[in-house]
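Mind folding the following:
(one chain, ligands or ions: 2)
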Amino acid sequence: MRSYRLAVIAGDGIGPDVTAAALAGVEAVSRRFGFTVETTDVDLGAEAYLRTGEVLDEASQSTLAEHDAILLGAVGDPRVPPGVLERGLIVALRIAFAQSVNIRPVRLYPGVPSPVAGVHPGNCDLVIVRENTEGLYAGGGGLTHPGTPQAVALQNSVTTAAATTEAVEFSFRLAAARRGRLTLCHKTNILTHAGRLWQEVVDEVGARYPQVERDYVHVDAMCQHLPLDPGRFDVVVTDNLFGDIISDLGATIQGGLGVAASANHNPRGSAPSMYEPVHGSAPDIAGTGTANPAAATLSAALCLAGLGEHDAAVTLEAATASVLAELPALAGTAMGARTGELGERIAARAADID
Ligand code: ATP
Ligand code: MG
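Ligands and ions are numbered 1, 2, ... in the order given. Got it, this is the predicted structure:
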């Protein structure tokens, strides 16, 4: 029987609740499609940091490294200064495990309202592929004369052919398997050096994918096109910072953080990929049991796809979509929209949906 080892960082706030829902969904499809998933809980996140003073200890990192994939709930806590967990844990894992590609499907499911007029399920189905390790996130630079009128901050951006090629290769393969359209999103008219390298890589790799239609959109123009006409995009490939920004725009048009899933993908397979909902620990609703688990179950579906369990992935996504379609009706009932119940409903649906 096919068998996978999944490391689980449930994390903080709503993380454990939505992760439980995601694991129930994985369990249901693994039984249905005849494979097993063995899980290991890894205690990382704000609670662990506040207890131990360490963000990412060596033992936890080697445990994670031994697994086929990592499922992350959410990490964060108002008591932890901003950046400590983002840089020390999430970005550190992306780099340590060569998760050079961030995958952000932007899909509007029936029954989920988009706040943007004119966006409907039929015209909102694209994937943003973000280079995940470089650009301005490389972090080099410095601040001279801090606190004075002479202060100057330099923030370096790094773009290598190697990392860019990995993201672009992945994007062309994905586009070829989807609707055959790839858009490069950048700011090549201003960021001329990095922009030229991105365009050269897209042209070079694109030559091997003649069946994929290519175009280019500046990131500022993207902020207009994406909400007004998402249907024109299939796969959008972009750099780290632009990807961060347009992914949030994508999450908004697809109905919000409750439904936005992501993968931090290692295209070489040299270390585990990590799958996580886009939302954070949501301290404002933590403990209320009202978090939407869909972002987490959809992230688990991406995880199954990454493990090669295509049918299971499609089924878990379909089950999630089917339950999301019932949400407006459930909202007024005694059950309401409770994380645990929705998770059970998604898992039950995953067990028998066509
Ligand atoms: P963190 O610092 O961990 O990122 P945050 O304060 O940025 O936390 P997010 O988790 O990013 O909070 O959430 C932003 C807003 O979206 C909050 O009001 C939160 O309640 C809401 N939200 C996030 N995830 C969900 C969800 N799964 N279901 C419902 N509401 C959510
Ligand atoms: Mg946040």
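
what does this structure put close to ligand 1?
14, 74, 76, 257-258, 279-285, 291-292, 295 (C-beta under 6 Å from any ligand atom). (C-beta placed from N, C-alpha, C; glycine too.)

Correct me if wrong: Asp239 contacts Gly135.
Yes - with contacts counted by C-beta atoms under 8 Å, Asp239 reaches Gly135, the gap being 4.4 Å.

between the two, who's got more neighbours?
Set Asp239 next to Gly135 and count neighbours by other C-beta atoms under 10 Å: Asp239 wins out with 28 against 23.

rewinding a little: what do Asp239 and Gly135 both touch?
Common neighbours of Asp239 and Gly135, using C-beta atoms under 8 Å, 6 or more residues apart in numbering, are Thr159, Ala194.

Report the buried members of the residues of the chain next to ligand 1.
Buried members of these, scored by 16 or more other C-beta atoms under 10 Å, are 14, 74, 76, 257-258, 279-283, 291-292, 295.

wait, which of those residues is closest to Val168?
Lowest distance from Val168 to those (C-beta to C-beta) belongs to Ala295, with 26.7 Å.

Count the residues that sit near Leu89.
For Leu89, using other C-beta under 10 Å, the count is 24.

Kindly report the same for Val84.
Val84 has 15 nearby residues by other C-beta under 10 Å.

One more: Asp41?
By other C-beta under 10 Å, the residues close to Asp41 number 12.

and if you look at Pro230?
Residues near Pro230, counting by other C-beta under 10 Å, number 24.

quick one: which of the buried ones among the residues of the chain next to ligand 1 sit in strands?
Ala74 (DSSP state E).

Dump the buried ones among the residues of the chain next to ligand 1 to JSON lines, plus distance to Gly269 and pLDDT.
As requested, those are exported to JSON lines (distance: C-beta to C-beta, whole Å; pLDDT from 0 to 100):
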{"residue": "Ile14", "distance to Gly269": "31", "pLDDT": "97"}
{"residue": "Ala74", "distance to Gly269": "26", "pLDDT": "97"}
{"residue": "Gly76", "distance to Gly269": "29", "pLDDT": "96"}
{"residue": "Leu257", "distance to Gly269": "29", "pLDDT": "94"}
{"residue": "Gly258", "distance to Gly269": "31", "pLDDT": "94"}
{"residue": "His279", "distance to Gly269": "28", "pLDDT": "94"}
{"residue": "Gly280", "distance to Gly269": "28", "pLDDT": "94"}
{"residue": "Ser281", "distance to Gly269": "30", "pLDDT": "96"}
{"residue": "Ala282", "distance to Gly269": "32", "pLDDT": "96"}
{"residue": "Pro283", "distance to Gly269": "35", "pLDDT": "95"}
{"residue": "Ala291", "distance to Gly269": "32", "pLDDT": "95"}
{"residue": "Asn292", "distance to Gly269": "31", "pLDDT": "95"}
{"residue": "Ala295", "distance to Gly269": "25", "pLDDT": "98"}
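
In a strand, Leu154, correct?
Yes - under DSSP: H, G, I helix; E, B strand; the rest coil, Leu154 falls within a strand.

show me what contacts it?
Going by C-beta under 8 Å, 6+ apart, the list of residues near Leu154 reads Gly141, Gly142, Leu143.

Those residues into JSON lines, with extra columns for pLDDT and distance to Ile245?
Output for these, formatted as JSON lines (pLDDT from 0 to 100; distance: C-beta to C-beta, whole Å):
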{"residue": "Gly141", "pLDDT": "95", "distance to Ile245": "20"}
{"residue": "Gly142", "pLDDT": "96", "distance to Ile245": "24"}
{"residue": "Leu143", "pLDDT": "97", "distance to Ile245": "23"}
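
Convert the C-alpha atoms of the strand or helix carrying Val127 to PDB, please.
Assigned by DSSP states H and E, Val127 belongs to strand 125-131. Listed next in PDB are the C-alpha coordinates belonging to strand 125-131 (Å, rounded to 0.1, in the frame of the first residue of the first chain):
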ATOM      1  CA  ASP A 125      -9.500  30.100 -11.800                       C
ATOM      2  CA  LEU A 126      -5.900  31.000 -11.900                       C
ATOM      3  CA  VAL A 127      -2.700  30.100 -10.100                       C
ATOM      4  CA  ILE A 128      -0.100  32.600  -9.000                       C
ATOM      5  CA  VAL A 129       3.400  31.100  -8.900                       C
ATOM      6  CA  ARG A 130       5.800  33.200  -6.800                       C
ATOM      7  CA  GLU A 131       9.500  32.800  -6.600                       C
END
